[in-house]
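[1] model the structure of this input:
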Amino acid sequence: MLESLSKHIAGAIKKADPDGPASIEVMTYALSLKLNFYFTLFFIVILGLFTGKILESLLSLLVVMISRKLTGGRHFSSLTHCMMFTATLCIIAPLIKLTPELMILMNLICLAIFLVYGPNHTLTEISSEKRLDYKIAICLCVLLNLILPSPFITIILLIQSLSILSGGEHAWRRS
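    Predicted structure coming up:
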C-alpha cells in the first residue's frame, strides 16, 4: 500500500517536472519513508486518543525510533507491514501491566542481547567506533529503564532486542 502510493506520487511529480533531478526510484524511496512515519504517527494518535494512552503511545513511538536507530534489526518485507506492526505495538504496549520482577528480568534479557549481538544494522554498514557508541547508548537506555522502570518501554526494548536476533544480512555478527 505505502509503496504503491509512494510510486504513484513520485510518478506524478516526475510527470509534472520531467527534467527534475531525482529519479522516480529515489523519490519513491524517500516518499515511502516519509509516508511510513506519517501514517504510523496518524494511527498512533487516533488509537492513542481512543485508548486514553496518547502520551504513552507517542513515547512508545519515540523509543521504537531511537532503539531502531541504535540497534538496527530485522525489517519487514513491506513498509505497510512495518507501519501496522509499529502502530499496533505502540498502542498495545502502554496497555500491558508488568510486575516489577518481570520488568527487571525483561530488562536484563534486553541488556544481555544488546551487549552480545547489538547493533545489527542490515541495511547500512557502520564503523566499529559507531557500533560501540550505539551499543553503549542502547545499554544506557536499558539501564535507565531499570532505574526508572516503565512497563511499555520494557516491552518495546524487549521486542527490539529480539529483532536483532531474528536474522538479517549481518545476523549474529558480534562487535
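[2] give me the low-pLDDT residue ranges for this protein?
    Counting by pLDDT under 70, the ranges of the chain that qualify are 122-124, 167-175.
[3] let's see 50
    Across the chain, the ranges flagged by pLDDT under 50 are 168-175.
[4] okay, helices next: where are they in it?
    Listed in chain order, the helices of the chain (DSSP state H) span 2-16, 24-51, 54-71, 79-92, 100-117, 128-147, 151-163.
[5] and stretch 91-104, how far out from the chain's middle?
    Computed by CA atoms, centre = their mean, to the nearest Å, the separation of stretch 91-104 from the middle of its chain amounts to 19 Å.
[6] that one: end-to-end distance?
    Stretch 91-104 has an end-to-end distance of 22 Å (criterion: CA to CA, to the nearest Å).
[7] what does that stretch rub up against?
    For stretch 91-104, contacts defined as CB atoms under 8 Å, 6 or more residues apart in numbering pick out 43-44, 47-48, 51, 53, 56-57, 60, 106, 145-146, 149, 151-152, 154-156. All C-beta spots, glycine's among them, are computed from the backbone N, C-alpha and C.
[8] circling back to that earlier point, just the helices of the chain: most buried one?
    Ranked by mean neighbour count, the helices of the chain are led by helix 151-163 with a mean of 22 (mean count of other CB atoms under 10 Å).
[9] check which helices and strands it is in contact with.
    Counting contacts by 3 or more CB pairs under 8 Å, 6 or more residues apart in numbering; DSSP states H and E, helix 151-163 packs against helix 54-71, helix 79-92, helix 100-117, helix 128-147.
[10] other residues contacting the longest one?
    Same thing as helix 128-147. Against helix 128-147 from outside (CB under 8 Å, 6+ apart): 63, 66-67, 70-71, 103-104, 107-108, 110-111, 114-115, 118-119, 126, 153-154, 157, 175.
[11] distance check, the residue nearest to Asn120 when sequence neighbours are not counted against Ala16.
    Leaving aside its sequence neighbours, Asn120 sits nearest to Ile164 (CB to CB, 6 or more residues apart in numbering; 4.0 Å). In this view, Ile164 and Ala16 are 41 Å apart by CB to CB, to the nearest Å.
[12] I am finished for the moment; much appreciated.
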